[in-house]
Each structure stands twice: as C-alpha cells, then as structure tokens.
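# Let me see the structure of the following:
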Amino acid sequence: MRRRPHLAITLLALVMVGSSLVTTSPRDLAQASDPLADAKAQQLALEHALAQQRDQLSQLKATSAALSDQLSAAEAELASVTAEYDRVAALLVEVQGQVADITARLKDLNAQIASLDTRLAEIAHQIVIQTAELRQREQLLQDHLRAAYERTQTSLLEILLSAKSFDSATSEVGYLLTVSDQDQQLADQISTLRAELQTQQQTLSDGRQALAKARDVAKAEAADLATREAQLADMQKRLAELKVAADQKRAEQEAALNAALQAKGNVEAQIQQNEAAFKAQTALVAKLQAEADARNRAPSAFGFRWPEDQFQVTQEFGPTTFVLEPPYVYNGVYYPHFHTGIDISHGCGTPIHAVGDGTVVASGRPLWPWDSAYGVYLDHGGGYLTVYWHLQARVVVTPGQEVKLGQVIGYEGNTGNTTGCHLHFAVNDRGVWQNPRHYLP
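Here you go, the predicted structure:
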C-alpha cells in the first residue's frame, strides 16, 4: 500500500538535506566506470589511430630520405653541447669547493670574533671593577695620611706627659707607628693596582684593534663568498640550460631513430590490423549498447529502472571537489562537498522516464527558492522519493498525478545551476539521500 506524505513535509525534508542537488554539472566522462563508454572511447581511439597511420604512410618516404642528414647534424650538435656541458660541470665542481672552503673559514673567523668580543667585554668589565677598587684605596690612603698629619701636630713629649700611665703613652706612640706601616702597604697596593690597570687597558686597546682587523677580514671573506655564490648560481643555471639542450638533441636523435624504425616497418599491415580491431570494437559497442538499453529498461529488485534509455554517467554519488556543493554528513563522515545523486546525460531533449510507479508530489519551478531549475519529485510509497532535476521548461506532469514505470515525465535540459544538459537523478530513502545505483538495475 502506497503512503502519500503531505507535500509540505516532503518538501521540508528536501530543503534540509537536498541543497547539494542545485549545483550539479556534467563531469568528465572518465570519472564513470561504464563499459559502454569505455568501448566507445576505444573505438574512437582506434579510428583516430587509423587516420594518423594513413597520414604517416604518406610521409614516411620523405622522412626516410632526410633521415641520414638529420642524424649527422644532431650527433655533431650533441657532441658540441656535451663538451661544453662537461667543461661547465668541471668548473662548477671547482667553484663549489671554493664556496665550501670560504664558508668554513668564514665560520671559524666569525667564531673567533665572537670569542674575542666576549673576552674584551670581560676585560672591560674587569677594568671598571679595578678602577673602582683603585679609587677606593686611594681615598683610603688619603684619609690615613690626613689623620696621621693631624696626629703629628702633637709632639711625642706631650703624649708622654698627658698620658695617665707609661703603658698608655707607649700604646699611643705604637699606634702612630703602626698606622704608618699600614699606609705604606696601602700605597704598595695602589701602585700594583695602577700597573695592573694599565696592563688591562693596553690589552683592551690591542684586542679592539685585533677585533677590528678580524671584522675587516670577515667582511672581505663574506664579499668573496657572495661573489663565488653568484658564480655558482650562474654556472648552475648554465649547466641546466646545457642539460636541456643535450636532452633535446638526444630526443631529436631518438625521434629520428624511431622514424627510421617506423619507415622500415610494414605500416600497411599495421593499418590492416587496426582496421580489423576497429570493426571488432564497433561490433562490441553495438552489443554493449543493446545490452545497456535492455538493462536500463528492465526494473531492479526495487522495481526501479534507469530514467533514460541511452546515457552516460557523468558524475557519481558521493564526495566531490565541486566548490559550489554545500557540506554534507554521510554515514557519520563530514564531507565539505557531497553530490547526493547521479548525473547522466544523452543530450538536450532526451526523454526522462519514471523509474517506477508513483505519485507526483511536486513539479515545475521554483521548487527551491535558491534555484531556478525545473524538476519533478515522485513518491513511490514506503518512504521512497525520487528526484529528477535540471529538466527542460516544458511541464509534462503535475502534482497529484499518478505515473507508471517508464512513463515520460520530462526532458533532459540545463535549467538551474548547471553548465550543460544533463539529468540529476537522486533517491531519498525515508529522509536520507542514498546512492541511486543501489536501487537501479
């Protein structure tokens, strides 16, 4: 018993999952796995080969006469190019060695410069520290001398007379003598620090001069390296050009040799063999065409048949790289672009047949507000809906009309978002777009 869902519910389901139908277009025939299409392609290839061989047959005599001179000229040019290639290749190896040597020297020199630069920075830091220490000790000596001078303003006799005891006077005098010894030691330290500081400053000055010279050498080495690298790039370019020229000369020789072999061959026999193959292929095409016509008109296990009698599949069901296709989730996998039907084509105006008994739930246009194509939707009951898209503008069936298996419901066209005449055929099984091949014979 057929189930006829309400048209609004059906169209709502189509809007939710069917947007990928509106941007279909014919694809390269090579995408389809169609024995009939393959046989026709082989037939055309044989016919083209026969035409080429007949042309070659008329040209072989002239080619054979000029072959000897062409070979001699090509060999002479190849010998010249090969010699130049070998010379440039040898120079290239030499320059590559120079570049590697200069690069290694420059690397070592830069490492030395970095090490020297670090050492000079350490020396400069030490100079700062020693200078501060020298200033501190000089200030300390000045303070000691000033204090000693002030103490000497009082005579030793006054110290002895003013002391409470002899022991106390002795301590005062000894302290003065001790301070004098400390000042002498401090003066010696200052002298040593000044000598060390002078040495460090001289070392820093010499190091900076050496660093400047090293940087000049590194700059010269870098310039030399740039020159050698430019020479290397030029030679590599020249070598590539010579290789192309040598390959071209070899290809010319191979072409000439192939032409000689072809001239010696029995071209007439080849043509006869291809003509026989062409006749056999033509018979195979006719046989496959008859089988395809019979198969397409026969119903499948679902009671469906193909919507056209003669056609070629130009786009299969599934993921596609066509950028206008919307995203789609199929079998739990997200596809950026997904083709929810099969595209077939036999030419504008080809009759489109109902794939099975059903009821027209929608026809004409606009069926979707975002597409201007003409289409037909058939409800076959049991939750099965078939869609026929990009039809010609003439309306054949109307909503509510009952149609039978094989009945003409429209004609192949190119309305809507498409680049050529074809039919987009789709099967919706209880709200899910399925591969139509699963429902067709």
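
# Which residues are in contact with Leu225?
Leu225 makes contacts with 99, 102-103, 106, as judged by CB atoms under 8 Å, 6 or more residues apart in numbering. Placement of C-beta: from N, CA and C, glycine included.

# hang on, it is in a helix, isn't it?
Yes - with DSSP: H, G, I helix; E, B strand; the rest coil as the criterion, Leu225 is part of a helix.

# ok, it to Asn110 distance?
Per CB to CB, to the nearest Å, Leu225 is found 12 Å from Asn110.

# which one of the contacts of Leu225 is nearest Thr199?
Ranked by distance to Thr199 (CB to CB), the contacts of Leu225 are led by Leu106 at 32.6 Å.

# List phi and psi for that closest one.
Backbone torsions of Leu106, given as degrees, to the nearest 10, read phi -60, psi -40.

# got the contact list for the residue nearest to it when sequence neighbours are not counted?
Closest residue to Leu106 apart from its sequence neighbours, by CB to CB, 6 or more residues apart in numbering: Glu221 at 4.6 Å. For Glu221, the contacting residues are 102, 105-106, 109, by CB under 8 Å, 6+ apart.

# so Glu221 is in which element?
Here Glu221 sits within helix 166-264, counting by DSSP states H and E.

# now the next helix or strand after that helix and helix 166-264, what's the angle there?
Proceeding N to C from helix 166-264, the next assigned helix or strand is helix 267-297, under DSSP H and E. Orientation check (axes from the mean of the first three to the mean of the last three CA atoms, to 10 degrees): helix 267-297 against helix 166-264 gives 110 degrees.

# oh, and call the first residue 57 from now on, that's how I've got it
In the new numbering, first residue 57, that becomes helix 323-353.

# C-terminal to helix 323-353, what's the next element?
strand 368-371.

# Please identify the pairing partners of that following strand and their relative orientation?
Here strand 368-371 is paired, per DSSP bridges, with strand 398-401 (antiparallel).

# Now do the same contact list for the residue lying closest to Ile169 once chain neighbours are set aside.
Using CB to CB, 6+ apart and skipping residues adjacent in sequence, the residue nearest Ile169 is Ala270, 5.0 Å away. Contact partners of Ala270, counting by CB under 8 Å, 6+ apart, are 165, 168-169, 172.

# which ones among those residues are found in helices?
165, 168-169, 172 (DSSP state H).

# Sketch out the low-pLDDT regions of the stretch 307-456 of the chain for me.
Within the stretch 307-456 of the chain, the segments meeting pLDDT under 70 span 313, 315-323, 346-357, 377-392, 422-426.

# 80 instead?
308-331, 334, 337, 340-358, 376-393, 421-427, 451 (pLDDT under 80).

# in stretch 287-306, what's buried?
Using 16 or more other CB atoms under 10 Å as the test for burial, stretch 287-306 gives 287-288, 291, 294-295, 298, 301-302, 305.

# okay, these in CSV with distance to Asp142 and pLDDT next?
Below are the buried residues of stretch 287-306 laid out as CSV (distance: CB to CB, whole Å; pLDDT from 0 to 100):
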residue, distance to Asp142, pLDDT
Gln287, 18, 79
Leu288, 17, 76
Met291, 13, 77
Arg294, 13, 78
Leu295, 10, 75
Leu298, 9, 78
Ala301, 13, 79
Ala302, 10, 76
Lys305, 14, 75
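
# how near is the residue nearest to Leu162 to Leu288?
From Glu277 over to Leu288 (counting by CB to CB), the distance is 16 Å.

# Over to Tyr495?
66 Å.

# for Leu196, same thing?
66 Å.

# cool, Lys299 as well?
Lys299 is 16 Å from Leu288, by CB to CB.

# for Pro492, same thing?
Pro492 is 62 Å from Leu288, by CB to CB.

# before we move on, back to that, buried among the contacts of Ala270? Need that as a selection in PyMOL.
To isolate the buried ones among these in PyMOL, judged by 16+ other CB under 10 Å, type:
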select buried, resi 165+169+172
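
# For Ile408, state which of the contacts of Ala270 is nearest.
Closest to Ile408, out of all of those and judged by CB to CB, is Leu165, at 81.8 Å.

# Spatially nearest residue to that closest one (excluding sequence neighbours)?
Ala274 (5.0 Å).

# Next up, the contacts around that neighbour.
Ala274 neighbours (CB under 8 Å, 6+ apart): 162, 165-166, 169.

# Would you mind giving these as TSV with distance to Val341 and pLDDT added?
Listed next are the contacts of Ala274 as TSV, based on distance: CB to CB, whole Å; pLDDT from 0 to 100:
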residue	distance to Val341	pLDDT
Leu162	72	78
Leu165	77	77
Asn166	75	87
Ile169	80	85
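
# wait, which of those is closest to Ala312?
Leu162 (50.9 Å).

# residues near that closest one, how many?
18 (other CB atoms under 10 Å).

# What separation is there between it and Lys275?
In terms of CB to CB, Leu162 sits 10 Å off from Lys275.

# What of Glu252?
Here the criterion is CB to CB. By it, Glu252 lies 34 Å from Lys275.

# Look at these two and report which has more neighbours.
Between Glu252 and Lys275, counting by other CB under 10 Å, Glu252 is the more crowded of the two (15 against 11).

# OK, contacts around that one?
Contacts of Glu252 by CB under 8 Å, 6+ apart are Gln186.

# Could you measure from it over to Gly437?
Counting by CB to CB - Glu252 and Gly437 are separated by 109 Å.

# One more: Leu197?
118 Å.
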